[in-house]
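> generate coordinates for the sequence data below:
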Amino acid sequence: MEEQTNQNTEAPKEEAPKADGRKEDIVSDAKGLLSQLETILEEYLVKKAPFAIPIKGKELIVKIAPYIVIIFAIMAVPVLLAALGLSAIFAPIAFLGGFGAVAFLSVIFAAVSLVIEIIAIPGLFARTRRGWKFAFYASIVNLVRSIASFNIIGGIIGAIIGWYILFQVKELYKNS
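As a prediction, the model looks like this:
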């Protein structure tokens, strides 16, 4: 009789599912888009801007910016808490009219923006580029909130004014 070779009759073990990179791709794409937006805004709001803020004005803005963020953050917390409370009370009625989802989405974006602004405060005091970037990200979230709330024109005008100031003072924030 022929001796049978000892063959492995088990099915090959499946490897653990590898991350297919979707999450990394999304993060990479978002960083790329933000970088492109930053480059475009730098071009039009600094290099091609018809008016540049004088250096003394930039210094003043950079000195008071963290305090302004703190003041607005303190004022925003009770408003957000009230909005969350009122949206919970009126949610059944508001959703019937179709505006509940928009209002709730606006409150969520406002809360996210507030958190990003609070994260930016130490960097704004230290004049780091990281603090400046968080202020920039908060402005983007505020623009998205305005668009989601159907306040498109006001959101765009506010974003352009805010970005103009942000990009004019960007040079005073150092990488550290």
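
> any idea which element Q168 lies in?
helix 152-169 (DSSP states H and E).

> what helices or strands is that helix leaning on?
Secondary-structure packing of helix 152-169 (3 or more Cβ pairs under 8 Å, 6 or more residues apart in numbering; DSSP states H and E): helix 22-42, helix 55-97, helix 129-148. Quick note: C-beta positions are derived from backbone N, CA and C, even for glycine.

> average pLDDT across it?
When pLDDT is averaged over helix 152-169, the result is 96.

> what residues of it count as buried?
G155, A159, G162, W163, Y164, I165, L166, F167, Q168, V169 (16 or more other Cβ atoms under 10 Å).

> try stretch 126-135
So for stretch 126-135, counting by 16+ other Cβ under 10 Å, buried means R127, T128, R130, G131, W132, K133, F134, A135.

> now render those residues as TSV, adding distance to D25.
Formatted as TSV, the buried residues of stretch 126-135 follow (distance: Cβ to Cβ, whole Å):
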residue	distance to D25
R127	33
T128	28
R130	24
G131	28
W132	27
K133	21
F134	23
A135	27
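
> quick one: least confident helix or strand in the protein?
None of the helices or strands of the chain scores lower by mean pLDDT, DSSP states H and E than helix 55-97, at a mean of 81.

> so what touches stretch 30-37?
Outside stretch 30-37, the residues that touch it by Cβ atoms under 8 Å, 6 or more residues apart in numbering are Y137, I140.

> quick one: mean pLDDT over it.
For stretch 30-37, mean pLDDT is 88.

> go on, stretch 116-126?
The pLDDT scores in stretch 116-126 average 96.

> list the buried residues in that stretch.
Going by neighbour count (16+ other Cβ under 10 Å), the buried part of stretch 116-126 is I116, E117, I118, A120, I121, G123, L124, F125.
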